[in-house]
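1. Take this sequence and fold it.
(chains A and B)
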There are 2 protein chains.
Amino acid sequence: MDATPIVVASNRGPVVLARTNGSIEQRRGVGGLVTAVGGALLGRDATWIAAAITDVDREEAAAGRGAFDVDLHLGAGARGIVHVHLADLDPAAYDLYYNEFSNRTLWFLHHDLWDSPRTPAFGAGGAEAWDAYRAVNERFAATIAEAAPRGSPVLPQDYHLSLVPALLRERRPDLQQAFFWHIPFSSPDNYRVLPDAWGAALLEGMLGADIVGFHTQRWARNFTDCCRELLGARVRGKTISHEHGTTRVGVYPIGVNIDNLSEEAARAEVARARASIDDVVGDRTLILRVDRTELSKNILRGFIAYEMLLEQRPDLHERIIHLAFLTPSRHGVPEYEEYVQACKIRAAAINERFGTPSWQPLVVEIEDDFPRTLAAYQRYDVLVVNPVYDGMNLVAREGPCLNERDGVLVLSRNAGAAAELAPAALIVNPFDPAGTAAAIERSLAMDRGERQAMAARLRPLARGTSPARWLGTQLKDLSRLRDG
Amino acid sequence: MDATPIVVASNRGPVVLARTNGSIEQRRGVGGLVTAVGGALLGRDATWIAAAITDVDREEAAAGRGAFDVDLHLGAGARGIVHVHLADLDPAAYDLYYNEFSNRTLWFLHHDLWDSPRTPAFGAGGAEAWDAYRAVNERFAATIAEAAPRGSPVLPQDYHLSLVPALLRERRPDLQQAFFWHIPFSSPDNYRVLPDAWGAALLEGMLGADIVGFHTQRWARNFTDCCRELLGARVRGKTISHEHGTTRVGVYPIGVNIDNLSEEAARAEVARARASIDDVVGDRTLILRVDRTELSKNILRGFIAYEMLLEQRPDLHERIIHLAFLTPSRHGVPEYEEYVQACKIRAAAINERFGTPSWQPLVVEIEDDFPRTLAAYQRYDVLVVNPVYDGMNLVAREGPCLNERDGVLVLSRNAGAAAELAPAALIVNPFDPAGTAAAIERSLAMDRGERQAMAARLRPLARGTSPARWLGTQLKDLSRLRDG
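-> This is a model prediction of the structure:
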């Protein structure tokens, strides 16, 4: 065990609290960040600052019981204790900070999801959301400042907490910080869609950290370009100089926690799900996609590509099947409801057009069924991962780690994963369904030897750097900065 | 008169042909390019290659009567003869080339008008439109190759004709070419939304010219960045090296044909229109916008900004009025119909919310009435020009040239005009209605002296370089390249 205590901060912690029969219960949180960061914390003395999200979270935090220990189980017998501190937040402010500003402003900005003639239009509501975002970031910084042991490195995570580094540095200049940004970072032209004052404040907030980390060189470069063009910051290599000192920009691509993933895949539910998938697929060639129902995942163009393939290649009919496993996400946001509806309509039209009594060409399942996803990873022949933009994309990594059929990965060049996986994948322009259809077609035409060779090259690249090492490297770089 | 004959090529020529009572009649074309380029050609021996657009154009071209002289009248007694050659085009191909590829693909791309989770989605129709675009560009190149006198400089214009330079160079290597791109040019990240093969072919097409010209440094830089990142072209200063030689990138901002504009403004219709505007405005402060009904013009956010101003400043009610003069454009394109509808609904809501029996806060007029526009230019106190993106924007230039009240220009930083006019305008982020409202508010608060000083600085900047000189500089640079 590494003796230095560390502090992680993220919007969502490893658990949320719920009340069952009057007693408080910890429920495992969802989301890739929690799995990744959780895995990285095992064997360390870790404190985790997170937002009070549920009503029970808030009640407990307000009653002074917002700090408690959590026993993390992360596969392969790995477990460990983390000390959780919930940041007590006003529910109305939390809603604006989380839904409006983080997820409808920053997420849309960095994934280029706006319909620019119409959105965004920051009116009075925009300023309110910005104020809430600042207030919640202040609260986070205050909670960290209170909880962090002297000299312990702090690792604030992701776009929800952009302002935390600078706010925390003011309160606790003794703490080193490595801030990690998990999503794409947009180029200056797109970034400047934000009102100038917000855009500058967000960058300055991030620059409060000693290190700002990204999954790829591309996002790191966009960030430094923004700092240079918007703040006039001086950039030399990886170092950004600004009025409060210097910040090192680092590239730390996160990989798969293979022990955890393998253990999950070995469970009986996965075998059962596999049998059910085999029933659906039979001896057909399986083209798989696995995504949250998220605008940036580009599900619609994926379906259009599949439709083009069926149109151009009647000889493939009945012999292939496309499964789309979609995990519900951001329910109740109008843009998402409409998008999912459009995907369903397109899927129905494809089945209507090409289906036969013995063959449904496209099967869409919208549910959260992780064992079924893992079973599908084992079985696919082609995995389509075509996001418009994506910070990393863990489907493109986890799928190849578990696949048992030398499946081919068709991968968007705008997924962070492409930076490492490109040599062993078919890279596509996500905006180009015809090109995507051509890549799927190519994958179907590859002979066994070619597929084997490609899959063999892909597996180690897909596994990549374990979350524990990913985090360890950041900590090492922090201590180098301090000592050097 | 400059003796060297020159050849201009653009989608739309100076006239289209129509039949009245059995005889062929020339009708003056619309659009800023025709006025600008037409003005530049006076006093030269000029040939103008344009598409056969109307049925009569096509009939005449097919009957071998597609070449004829046009007597251009461009104000202040300026007139001149140009030799027009119509490129005979298949109507179906023209439709795909013009509407689908030029206006719904390239225009949307370079003005960032796509709704990226959904559009573009280049399916089978996309490939058809691309084929048509190539075919029409081939036809243009062939028509130019036939019509151009030996050694005469050729000036292909704008995004409709991107492929012409390379195609013409193959056919007529004796001809020097200065290609001019009138709209914005997108950054590489956005440019790469196009299918790769198209993106590369378009850049290679443009690089067939000796000079590629833009209105601002910003668009020129985006173009060279695209050539470097997509084609791997070598860029040194203003020179791009590629497999067919070198191309010089130039910045030639076009200004106003002041003689023509002043003569137009002196007409009786303008005086009549002015009286009618004075009736509507009275002694209120006039906030004006003049635009085509075009997605990139950002009319909706302009209205939202005005609404925010009315909301925040009840003391201004009844004392200000906003006129929006919108020229109909791209009728029948669904995106445009919907957008205009949304603008009307927003305008009605603003009037409903703030209007009184004696005051309609926002008056929207959708019609093509140039005299009325010129009269409004004379009368405005604040001119709002807030496009999302715009190659140059001539409203921002013509307005200040004619204004008689030391009006203030509120100008988008994403309009090409901002490169020159920024020191004498209030520059806004077009995506930020709150910021735009604040700029309008500031313009209303300026005292007479400040307004006078600003307007005095603005006028010469707004007039800028006359079209004749704009074109002359390009020709001079061409001959320097040849001789040097």
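2. Now do the phi/psi pair for the closest residue to residue A:306 other than its chain neighbours.
-> If you skip the residues right next to it in sequence, residue A:306 has residue A:322 as its closest partner in space, 5.1 Å away by CB to CB, 6 or more residues apart in numbering or on different chains. Any C-beta I mention is one placed from the backbone N, CA and C, and that applies to glycine too. Per-residue torsions, residue A:322: phi -110, psi 120 (degrees, to the nearest 10).
3. I'd like to know how many residues surround residue A:322.
-> Residue crowding around residue A:322 was assessed by other CB atoms under 10 Å in any protein chain shown; the count is 27.
4. now it: how far from chain B?
-> Noted for residue A:322: a distance of 17 Å to chain B, by CB to the nearest CB, to the nearest Å.
5. doesn't residue A:290 make contact with that residue?
-> No. Here residue A:322 does not reach residue A:290: they are 12.0 Å apart, not a contact under CB atoms under 8 Å.
6. which residues does the residue in chain A that chain B sits nearest to form a beta bridge with?
-> Taking CB to the nearest CB as the measure, chain A has residue A:115 as its residue closest to chain B, at 3.7 Å. Counting by DSSP bridges, residue A:115 is bridged to residue B:115.
7. gap between it and residue A:338?
-> Summarising the geometry, the distance separating residue A:115 from residue A:338, computed by CB to CB, to the nearest Å, is 11 Å.
8. Who has more neighbours out of these two?
-> In this view residue A:115 and residue A:338 are compared by other CB under 10 Å, and residue A:115 has more residues nearby, 17 against 13.
9. Show me what the helix or strand where residue A:262 lies packs onto, helices and strands only.
-> Residue A:262 is located in helix A:258-265, with elements delineated by DSSP states H and E. Contact partners of helix A:258-265 among helices and strands, from 3 or more CB pairs under 8 Å, 6 or more residues apart in numbering or on different chains; DSSP states H and E: helix A:370-379, helix A:395-402.
10. how far is it from where the chain is centred?
-> Once both centres are worked out by CA atoms, centre = their mean, to the nearest Å, helix A:258-265 turns out to sit 19 Å from its chain's centre.
11. Can you mark which positions in the next helix or strand after that helix are buried?
-> Sequence-wise, the next helix or strand downstream of helix A:258-265 (DSSP H and E) is helix A:268-281. Residues A:270, A:273-274, A:277, A:281 are the ones in helix A:268-281 that count as buried (16 or more other CB atoms under 10 Å in any protein chain shown).
12. now these as JSON lines including distance to chain B and pLDDT?
-> Conversion of these to JSON lines gives the following (distance: CB to the nearest CB, whole Å; pLDDT from 0 to 100):
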{"residue": "A:270", "distance to chain B": "32", "pLDDT": "98"}
{"residue": "A:273", "distance to chain B": "30", "pLDDT": "98"}
{"residue": "A:274", "distance to chain B": "32", "pLDDT": "98"}
{"residue": "A:277", "distance to chain B": "28", "pLDDT": "98"}
{"residue": "A:281", "distance to chain B": "27", "pLDDT": "98"}
